[in-house]
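Visitor: Let's see this in three dimensions:
(one chain, ligands or ions: 1)
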Amino acid sequence: MLKFLDLQTINAQYRDELVEVCTRVIDSGWYILGKEVTEFEREFAECCGTKYAIGVANGLDALTLVLRAWKELGYLNDGDEVIVPANTYIASILSITENNLVPVLLEPNEQTYNLNAVNVEKAITSKTKIILPVHLYGLISPMVELCDIAKKHNLLILEDCAQAHGAEILGKKAGNWGDAAGFSFYPGKNLGALGDGGAITTNNEELANTLLALRNYGSHRKYENEFKGVNSRLDEIQAAMLRVKLKYLESETAIRRKIATRYSNEIKNNRISLPIWDDIENHVFHLFVVRTEERDRFSEYLLENEIQTVIHYPTPPHKQNAYSELKDIGLPLTERIHNEVLSLPIDPTLTDEDISYIIEKINGYE
Ligand SMILES: *Cc1c(COP(=O)(O)O)cnc(C)c1O
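Guide: Numbering: from 1, shown residues only. Below you'll find the model as predicted:
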């Protein structure tokens with residue numbers, strides 16, 4: 001079986017180094033907020049081109065804590081509106097409602113699956129305070145246009161970079177366009193820990209300092225609490241392993257781009273629509289998502305041929321029981337996307353022969 005994503009094989013490539021750094025942390029006797037986290041934060045900020053990176057427990061907390069910090073700093077109040085794509089993973093929406101803010105779900109651009117600047121500008125009201133672009137599947141959103149709109153209407157931008165480590169436009173990385181960004185290091189993400197992990201990037205010192213406290217009980221100094229904070233820390237073992245994985249992010253991204261380019265050039269089947277992008281640097285191919293009206297039949301055919309696929313995502317957030325209050329807003333495009341998308345294997349350990357086999361089987365589907 002060609003697996004959709006084979007984490008065992010991916011991490012086996014780095015096993016010796018991972019074991020070595022785990023041993024280093026075990027032997028150090030220091031397990032929370034130490035040297036590994038500080039060094040990872042420095043290295044990750046450098047990788048994104050930002051002044052600050054703040055390690056947190058996971059990607060959902062990264063997004064939630066930025067919004068929380070903006071409330072603490074007086075930029076946001078309960079009931080303010082956050083513009084977000086309707087077809088995102090539910091975590092983007094959870095970060096909004098957790099802060100008593102109102103998600104304004106927008107239909108995406110049908111070609112890119114990302115926010116569309118024209119829809120965003122139309123959705124702005126007197127309550128709008130934030131644009132939350134999600135760089136879905138690894139393709140960076142139209143940040144030049146979104147930053148112009150934010151500036152014109154005095155809005156803040158929080159980028160959801162959970163799927164887009166290293167994507168860029170005009171040489172500027174995802175996570176460095178908005179006022180802040182949330183990253184996830186869930187094991188299956190392009191930069192994956194061996195457990196949960198996340199980070200926030202920003203160039204704003206006041207925000208960075210507030211976040212350093214919020215992630216640690218609202219405290220800058222032990223036993224002095226400025227905010228009603230949370231415990232959302234990246235731990236030393238995960239930070240140490242992320243430092244190893246970060247060294248290989250670029251080479252793994254290059255392989256993902258190579259696989260995606262082959263799929264794009266060599267898949268020729270008019271029942272299947274392929275993703276599009278302008279510039280290869282814009283996309284880091286967390287997922288390679290194709291579309292077809294006959295998704296179930298197509299995925300069963302691939303499975304019969306020993307090719308595993310996954311749906312990202314089967315149900316949009318507004319159709320989840322958790323958001324029953326949103327179930328009647330009409331989002332026909334989003335619903336159609338969720339019925340048609342299918343993610344092909346894009347594991348960086350797949351061989352050229354594996355990819356040729358997948359392409360041959362897709363071209364033979366009728
Ligand atoms: C994975 C993901 C998150 C959440 O990250 P976790 O680390 O799993 O909490 C948020 N947004 C998007 C788009 C994601 O894909």
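
Visitor: Output the contacting helices and strands for the helix or strand that contains Ala260.
Guide: If you go by DSSP states H and E, Ala260 is part of helix 249-266. Packing contacts for helix 249-266, counted by 3 or more CB pairs under 8 Å, 6 or more residues apart in numbering; DSSP states H and E, involve strand 288-291, helix 352-363. Using the backbone N, CA and C atoms, a C-beta is placed for each residue, glycine as well.

Visitor: which one of these is the most hemmed in?
Guide: Of the helices and strands packed on helix 249-266, the one with the most neighbours on average (mean count of other CB atoms under 10 Å) is strand 288-291, at a mean of 21.

Visitor: Quick one, grab the pLDDT at the closest residue to the ligand within the stretch 1-150 of the chain.
Guide: Per CB to the nearest ligand atom, Gly59 is where the stretch 1-150 of the chain lies closest to the ligand, at 2.4 Å. Gly59 carries a pLDDT value of 98.

Visitor: Do you have the helices of the stretch 201-350 of the chain handy? List them.
Guide: 205-214, 236-247, 249-266, 295-304, 332-340 (DSSP state H, counting those that start in this stretch).

Visitor: what angle sits between the longest one and helix 352-363?
Guide: Translated: helix 249-266. Going by axes from the mean of the first three to the mean of the last three CA atoms, to 10 degrees, helix 249-266 is angled at 40 degrees with respect to helix 352-363.

Visitor: tell me the mean pLDDT over helix 249-266?
Guide: For helix 249-266, the mean per-residue pLDDT is 98.

Visitor: between that helix and helix 236-247, what angle do the directions make?
Guide: Orientation check (the same axes, to 10 degrees): helix 249-266 against helix 236-247 gives 50 degrees.

Visitor: Near the ligand, which residues of this structure are found?
Guide: Where the chain comes near the ligand, counting by CB under 6 Å from any ligand atom, the residues are 58-60, 88-89, 91-92, 134, 160, 162-163, 184, 186, 196, 198.

Visitor: possible to save the helices of the stretch 201-350 of the chain as TSV with mean neighbour count and distance to Cys47?
Guide: TSV is the format used below for these (neighbours: other CB atoms under 10 Å; distance: least, CB to CB, whole Å):
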stretch	mean neighbour count	distance to Cys47
helix 205-214	19	16
helix 236-247	22	7
helix 249-266	16	7
helix 295-304	15	35
helix 332-340	17	31
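
Visitor: Quick check: closest non-adjacent residue to the residue nearest the centre of the chain.
Guide: Nearest residue to the geometric centre of the chain (CA atoms, centre = their mean): Ala162, 1.7 Å. Leaving aside its sequence neighbours, Ala162 sits nearest to Ser184 (CB to CB, 6 or more residues apart in numbering; 3.8 Å).

Visitor: Just the pLDDT at the one you found, thanks.
Guide: Confidence score, pLDDT, at Ser184: 98.

Visitor: Could you report the neighbour count for Val82?
Guide: Neighbours of Val82 under the rule other CB atoms under 10 Å: 26.

Visitor: want to try JSON lines for the helices and strands packed on helix 249-266, with mean pLDDT as columns?
Guide: Output for these, formatted as JSON lines (pLDDT from 0 to 100):
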{"stretch": "strand 288-291", "mean pLDDT": "98"}
{"stretch": "helix 352-363", "mean pLDDT": "98"}
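
Visitor: will you turn the ones you listed into a markdown table that also has distance to Thr112?
Guide: Formatted as a markdown table, the helices and strands packed on helix 249-266 follow (distance: least, CB to CB, whole Å):
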| stretch | distance to Thr112 |
| --- | --- |
| strand 288-291 | 11 |
| helix 352-363 | 22 |
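
Visitor: List the buried residues for the host helix or strand of Val19?
Guide: Using DSSP H and E, the element containing Val19 is helix 15-28. Residues 17-18, 21-22, 25 are the ones in helix 15-28 that count as buried (16 or more other CB atoms under 10 Å).

Visitor: What of stretch 227-235?
Guide: Applying 16+ other CB under 10 Å to stretch 227-235 flags 227, 229-230, 232-235 as buried.

Visitor: what about it, how long is it end to end?
Guide: Counting by CA to CA, to the nearest Å, you get 21 Å between the two ends of stretch 227-235.

Visitor: ok, residues contacting that stretch?
Guide: The contact list for stretch 227-235, computed with CB atoms under 8 Å, 6 or more residues apart in numbering, reads 31-33, 37, 40, 55-58, 61, 65, 72, 197-199, 210, 213-219, 242.
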